[in-house]
Each structure stands twice: as structure tokens, then as C-alpha cells.
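Participant: Build me a model from this:
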Amino acid sequence: MKKITLLIMSVLALVCAQSALATPATLLSETFDNVTNGYSGNDPRRFGLPTIADFGADNDWLAARFEYPDNGDPRHDVGVQQYGGSGNSTPVGIAEDDAGLLISFDATHYASITLSFDWRTFSAGSGDELVVGYFVGDLAAGHPVGFVDGQIDLRPTSHSGAGDGAWNWEGGGWIELFRGGPNDSFNTEVLALTQAAGASEVWLAFWMDGGEGDFAKIDNILVTGEQRVVPVPAAVWLMLSGLVGLAGLRRKN
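Facilitator: From the prediction side, this is the model:
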């Protein structure tokens, strides 16, 4: 009886240990490498929303305007460039003119959320920077207009925006992670999204704080997390049930 009890306790300890293990997982990945056509110009670019159906991207990206008035909509200021340059011969995401690329992901069952990406700028002045950050929750909640044709105006009223609220970058709910440039060489950044852990809706933004023709370029975007809830194999449960039943029979005897 003691041997069976000890065996049951050992199996329980194994179950508990397995449940506590952190399993790395990819929550978001984008290289833009599948965008293979539709480019134009001397430095070939394709403007618009990099979506799966239209562009061949790995994900469906949206667009936003973050600062200052502009004559066009954000879709005219984001897209994909055929060659990243500076040693990068693959397609890269681009943004200009205080507009940027948006995407959301689900981190409900994950902790230790980490973002990594490659970046550079092009034709950027001293005040032009790539800005990266994230927003936890429903980005369009309370917004007077919300998303229209895959784009949203996140400017405050001081920058001719639709309104003031949590969606504004400054004074709102955005958590700024990175601000860099000008820089003509690709660098890799690895950043922690601390407040994203366990959130069902997380928005990630890459935008260019600068003017027309001053491009921010991004590539090899990867978001990972550690899954804390690991399903216990059915065989372990079956073994545990059998041991408990055997222990019950021993008691009766």
C-alpha cells in the first residue's frame, strides 16, 4: 500500500511539474518575403495594406495615422519595398509621413511576451524616427469613427485628429517601446511587452515620426511568448486513474 501511495505521489508531482513548464510559442511572424509582385518605381515599392489576399503577406496588416494633418489616407504611406537595402536584399515593410503599420495578436495564455525585429530608415532627417509600441485592449473602443477600409485615425485633436482618447499615442494607452533614427544600416531590436501577458487583444504598431518620403523600414518581425498551461498527456491521466483504483482495491482487501 505504501509503495502504491508513493507511486501516486510521484505521478502527481510529475503532472504538477509538467503543468508549470513554460513552452515557447510564436504568436506573430512576418518577413514580407512572400510579397513578390506589384512593385513600381526606381526604388521598387508597393503602397497599400500588406494583406494575405492582396499582397501575399504572412498576416493581414492595417494602417494608422498617428500625428499631424495629411492630404491622403494612411494606406498611401505604408506598404512594402522590394529590397530593404543596406545588405538586405529581401522585401521589407515601410511607413512614412506620421503613418504606420498595425497588427493585433492574442496572448491570452502566454507570458514573457517578446518582440524582435530588424529596422533602418531611409532619407530621414535628424527629427525623423521609427517609433514602435503596443496597445492592450480594443483599439477602436470609444473611437468616434473606428476602422474604415483597414485604416484608423489615431491623431489627437491637437493634430487634427478625430478625437482624444485611449487610442492616442501621447497621453493615451499606447506603450512606447522604441524610438530610433536616422539610421542607414539595419539593426536588430529585442523588446519585452510586459503588459501584454495574458491579454486577448494586443495591438502592435510600427510608424514613422517624420515627413513625406522619409521611410522607416522593418523586417523579420517576431513575437513570442511562454505558454504556462500545458495539457497533461492522456496516458498520464490513465495511469493515475489506474493507480487510484488499485489503491482502492487494496484497501478493500
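Participant: which stretches of this structure form helices?
Facilitator: Here the chain has its helices, by DSSP state H, at 2-20, 234-252.
Participant: ranking these by mean pLDDT, which is last?
Facilitator: The minimum mean pLDDT among the helices of the chain belongs to helix 2-20 (a mean of 48).
Participant: domain parsing for the protein?
Facilitator: 1-21+230-253, 26-228 (automatic domain parsing).
Participant: Residue 181 is in contact with residue 216, isn't it?
Facilitator: Yes: the pair residue 181 / residue 216 is scored as a contact, 7.0 Å apart, by Cβ atoms under 8 Å. C-beta coordinates here come from the backbone N, C-alpha and C atoms, glycine included.
Participant: okay, and the common contacts of the two?
Facilitator: Residues touching both residue 181 and residue 216 (Cβ atoms under 8 Å, 6 or more residues apart in numbering) are 121, 124, 129, 130, 210.
Participant: remind me which residues of this protein are low pLDDT?
Facilitator: The chain contains residues with pLDDT under 70 at 1-22, 229-253.
Participant: okay, stretch 84-94 in CSV with CA atoms only?
Facilitator: Output of stretch 84-94 as CSV, limited to C-alpha atoms (Å, rounded to 0.1, in the frame of the first residue of the first chain):
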residue,chain,number,x,y,z
GLY,A,84,15.5,46.6,-47.9
GLY,A,85,18.9,47.9,-48.9
SER,A,86,22.0,48.1,-46.7
GLY,A,87,22.8,44.5,-47.2
ASN,A,88,19.1,43.4,-47.0
SER,A,89,18.0,42.1,-50.5
THR,A,90,14.6,40.9,-49.3
PRO,A,91,11.2,42.8,-49.1
VAL,A,92,10.6,44.9,-46.1
GLY,A,93,7.6,46.8,-44.6
ILE,A,94,7.7,50.6,-45.0
